[in-house]
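got a predicted model here, sequence first, then my questions.
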Amino acid sequence: MELGLWQVWEGGWITAILRGAAITIALGVASMAFGIVIGVACGLIKWARLFPLTLIVDVYTSIVRGVPELLIIYLLFFSSVEFVARIAAAFGYEGLAGNGYAFTIAVVAIAAISGAYSTEVVRGALAAIPGGHIEAARALGIPGRRIFRRIIAPQMLRIAVPGMNNVWQTTIKDTALVSVVGLQELMRAAFVGAGSTRHPFIFYLIAAVVYLTITLVSQGGFDWIERLLRSRTRK
Amino acid sequence: MDFELVRLAVPTLAKGLWLTAVLTVASIAIGFNLGLALAVMRLSKNTALSGFAKGYSTVFRGTPLLVQLFLFYYGLGQLSFVRDNPILWWIVGDGAHCAVMALALNTAAYTSEILRGGLMSIPGGLVEAAQACGMSRLLCFRRITFPLAIRQALPAYGNELVLVVKGTSLASTITVLEITGHAKRLMSQTYAILEIFAIAGVLYLLINLALITLVRLLEARLTRYLPR
């Protein structure tokens, strides 16, 4: 009785939480996709030491990995809010278009964070490719672009999978931080439910269980991919 | 950059710096010991102990720190037996105490995985040799296993320490005014978002730099037998 399980069922909060979970997963997948793009680009730059660019990448990864995620999210949200409001006002919209805007900025923020961590994973994977492979390809006269496509990229992908698993787990957990600026994802749904029913314990417990389910299921998926890649290398 | 703003922001954020440092040190001190206990439990032959340690680490590493923090602060605060117990209420009722508890329990899970890796890397022959010399299990752990495991695990543990520092920023969501809490307040008061972010960011980078330097020094000391 004290826990308020009945209120959760009665108030229709289960659908609200499931909708929040869907937004959390969409946010995580979108941020991870952009993060991988950033990570591959920056990782290649760091690996090849392209002079002026590698300095910029170094500054980016050290800031994002050294400053709390929450602070980065505040920076992006608060600095964009006024800007976007002015544009919206210029086009005749009063007030922001709510979730669409919040979702976009959330993807930008989380992708910037997961991109910095992906960069290190990609750089590490590239560094783990034996130099002899690339030299051998050069000796065979294979053109540079094809060396990347046929020799570097496939090995890099295979080596980077366990690291990318870690980045994904961190990314999906980081999406919870966006709730503090109001995006209606899983954590926010739990927060709203906890506030209006005054039963925070059960709501945060449900949120924890849903997050745990997401991370455990995706862990299983990554294990499957790793097994698949390993069985293919053995042949 | 506006000089007036810097004069306003720096002392305020420096006040937060102290609280961030206290939160970090307290949660690391508790979390390391818990993590060590969990790592030893995880490697024990008793399946109940190792199963508990495994489940603990799965749950705390599989859910966001923010959820854990809210579950402890708002969730436990709702239960009447927690409210009526003075010791539990001392922990849960205060934002800073609750943040330390959540951070310590969270970092303990990650620390246990790191230390487990270190403990497993120790060659069995060393432990057998220690037993052959007649060392008790406790003495063997203290003199042989633990120092070697720490040396192995130190670089990974350094990364975890940085994550704890970043984790303390979440305490600002439960009314604790550390660096991020002050920064958010200043951002909404002054609208100088980028400047405040820069000052707060530099403070965090300084803390992390200090911690990493400490870990590097300790690592150099532990590996001083290696040729340089």
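Received, thanks. Residues are numbered from 1 along each chain as shown, chains lettered A, B, ... in the order given.

any low-confidence regions in chain A?
Where chain A drops to pLDDT under 70, the residues are A:1-2, A:92-99, A:233-235.

same thing but at 50, please
For chain A, the stretches with pLDDT under 50 are A:1.

now do the strands in it.
Ranges of strands in chain A, per DSSP state E: none exist.

repeat that for chain B.
Counting by DSSP E, chain B contains no strands.

okay, helices next: where are they in it?
Assigned by DSSP state H, the helices in chain B fall at B:3-43, B:47-62, B:65-70, B:77-78, B:80-84, B:86-93, B:95-120, B:124-132, B:137-140, B:146-167, B:179-190, B:193-222.

just the buried residues of the last one, please?
Of all the residues in helix B:193-222, those buried under the rule 16 or more other CB atoms under 10 Å in any protein chain shown are B:193, B:195-201, B:203-204, B:207-208, B:211, B:215, B:219. Using the backbone N, CA and C atoms, a C-beta is placed for each residue, glycine as well.

of these, list those near chain A.
Filtering the buried residues of helix B:193-222 for proximity to chain A (criterion: CB under 8 Å from any CB of the partner chain) leaves B:193, B:197, B:200-201, B:204, B:208.

need those residues in TSV with pLDDT, can you?
Output for those, formatted as TSV (pLDDT from 0 to 100):
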residue	pLDDT
B:193	88
B:197	93
B:200	94
B:201	94
B:204	95
B:208	94
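
got TSV for those, with distance to residue A:123 too?
Formatted as TSV, these follow (distance: CB to CB, whole Å):
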residue	distance to residue A:123
B:193	31
B:197	26
B:200	28
B:201	23
B:204	23
B:208	20
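
quick check, nearest of these to residue B:20?
residue B:204 (7.9 Å; CB to CB).

quick check: closest non-adjacent residue to the closest one.
In space, and not counting its chain neighbours, residue B:204 is closest to residue A:67: 5.1 Å by CB to CB, 6 or more residues apart in numbering or on different chains.

that neighbour and residue B:207 touch, don't they?
No: Residue A:67 lies out of contact with residue B:207 (CB atoms under 8 Å); the separation is 10.5 Å.

contacting residues for residue 192?
Unless you meant another one, I'm taking chain A. A:16, A:184 (CB atoms under 8 Å, 6 or more residues apart in numbering or on different chains).

hmm, I had chain B in mind actually
Residue B:192 touches B:2, B:5, B:9, B:186, counting by CB under 8 Å, 6+ apart.

now the third one: how far from residue B:200?
Spatial separation of residue B:9 from residue B:200 under the definition CB to CB, to the nearest Å is 9 Å.

what comes up buried for stretch A:224-232?
Along stretch A:224-232, no position meets the burial threshold by neighbour count (16+ other CB under 10 Å).

which residues sit against it?
A:158, A:161-162, A:165.

in stretch B:133-140, what's buried?
In stretch B:133-140, the ones that count as buried by 16+ other CB under 10 Å are B:135, B:140.

before we move on, what about stretch B:173-193?
Result for stretch B:173-193 [16+ other CB under 10 Å]: buried residues B:173-174, B:176-184, B:186-187, B:192-193.

with just CA atoms, put that stretch into CSV.
The C-alpha coordinates for stretch B:173-193 follow below in CSV (Å, rounded to 0.1, in the frame of the first residue of the first chain):
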residue,chain,number,x,y,z
THR,B,173,20.3,17.8,-8.9
ILE,B,174,19.5,17.0,-5.2
THR,B,175,20.1,20.5,-3.9
VAL,B,176,23.8,20.2,-3.2
LEU,B,177,25.6,23.4,-4.3
GLU,B,178,28.9,22.1,-5.6
ILE,B,179,30.6,23.5,-8.7
THR,B,180,27.9,22.5,-11.2
GLY,B,181,25.1,23.6,-8.8
HIS,B,182,26.7,27.1,-8.5
ALA,B,183,27.4,27.1,-12.2
LYS,B,184,23.8,26.4,-13.1
ARG,B,185,22.6,29.1,-10.7
LEU,B,186,25.1,31.7,-12.1
MET,B,187,24.1,30.7,-15.7
SER,B,188,20.4,31.5,-15.0
GLN,B,189,21.3,34.7,-13.1
THR,B,190,23.9,36.3,-15.5
TYR,B,191,23.1,34.6,-18.9
ALA,B,192,26.8,34.5,-19.4
ILE,B,193,26.6,30.8,-20.2
